[in-house]
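Undergrad: Below are the sequence and a predicted model; questions follow.
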Amino acid sequence: MSKTRPLINFAIIARVVGWLLMIEAVFLLIPALTSLIYSESDAMSFAITAAITAGTGACMTFGVRSSRSDMDKREGFLLTASVWIVFSLFGMIPFMICSTPLDVSDAFFEAMSGFTTTEPRCCRRSSTSRTAYSSGAASCSGSEAWESFCSPSP
């Protein structure tokens, strides 16, 4: 019997995502240094996130071995989608451990909007109507923004 080739080479995807995470960790040091220069309190949250990201990237890069090193279209598409999600997952960590932490959905929303440059950055709102948000007069959390777009106006 001949040995069949797996459909998707997950090991090479993990290795490439690992390399990209290590690059992201280097870029996370930029806001950490900026925060140190301006004597802000969130420098450690970026440094911790950079260490976690670099450690995970190193484990994925050097801990996973692939029997083949080729990449087809399937792997390319999966790699692209995976990088957006994985970068946002690691990019949300500083938002969750900073001096004014966000919850998971708001932190993910902030990270994803930052990476995709869609910039609907939202902060918590106290008691503002949906019409005020839709007109741009107020800000809200990511989950509230999603809810306001998905549900009909009262």
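TA: Alright, I've got the coordinates.

Undergrad: most centrally placed residue in the chain?
TA: Geometric centre of the chain, nearest residue: residue 88, 0.9 Å, by Cα atoms, centre = their mean.

Undergrad: so what's it up against?
TA: Listed by Cβ atoms under 8 Å, 6 or more residues apart in numbering, the contact set of residue 88 reads 108, 111, 112, 115. Any C-beta I mention is one placed from the backbone N, CA and C, and that applies to glycine too.

Undergrad: Now the buried members of those residues.
TA: 108, 111, 112 (16 or more other Cβ atoms under 10 Å).

Undergrad: rewinding a little: mind listing which of the contacts of residue 88 are in helices?
TA: Counting by DSSP state H, the contacts of residue 88 place 108, 111, 112, 115 in helices.

Undergrad: Near residue 27, how many other residues are there?
TA: Neighbours of residue 27 under the rule other Cβ atoms under 10 Å: 11.

Undergrad: ditto for residue 9
TA: When neighbours are counted by other Cβ under 10 Å, residue 9 registers 20.

Undergrad: Please report how far the residue lying closest to it once chain neighbours are set aside lies from residue 13.
TA: Take residue 9 and drop its neighbours on the chain: the residue closest to it by Cβ to Cβ, 6 or more residues apart in numbering is residue 75, 5.5 Å away. According to Cβ to Cβ, to the nearest Å, residue 75 and residue 13 sit 6 Å apart.

Undergrad: so residue 8, which of the three states?
TA: Assigned by DSSP: H, G, I helix; E, B strand; the rest coil, the conformation of residue 8 is coil.

Undergrad: per-residue confidence for it?
TA: Listed pLDDT for residue 8 reads 85.

Undergrad: does the residue nearest to it when sequence neighbours are not counted belong to a helix or a strand, and which?
TA: Counting by Cβ to Cβ, 6+ apart, the nearest residue to residue 8 once its immediate chain neighbours are dropped is residue 74, at 5.4 Å. Take DSSP states H and E as the rule and residue 74 turns out to sit in helix 73-91.
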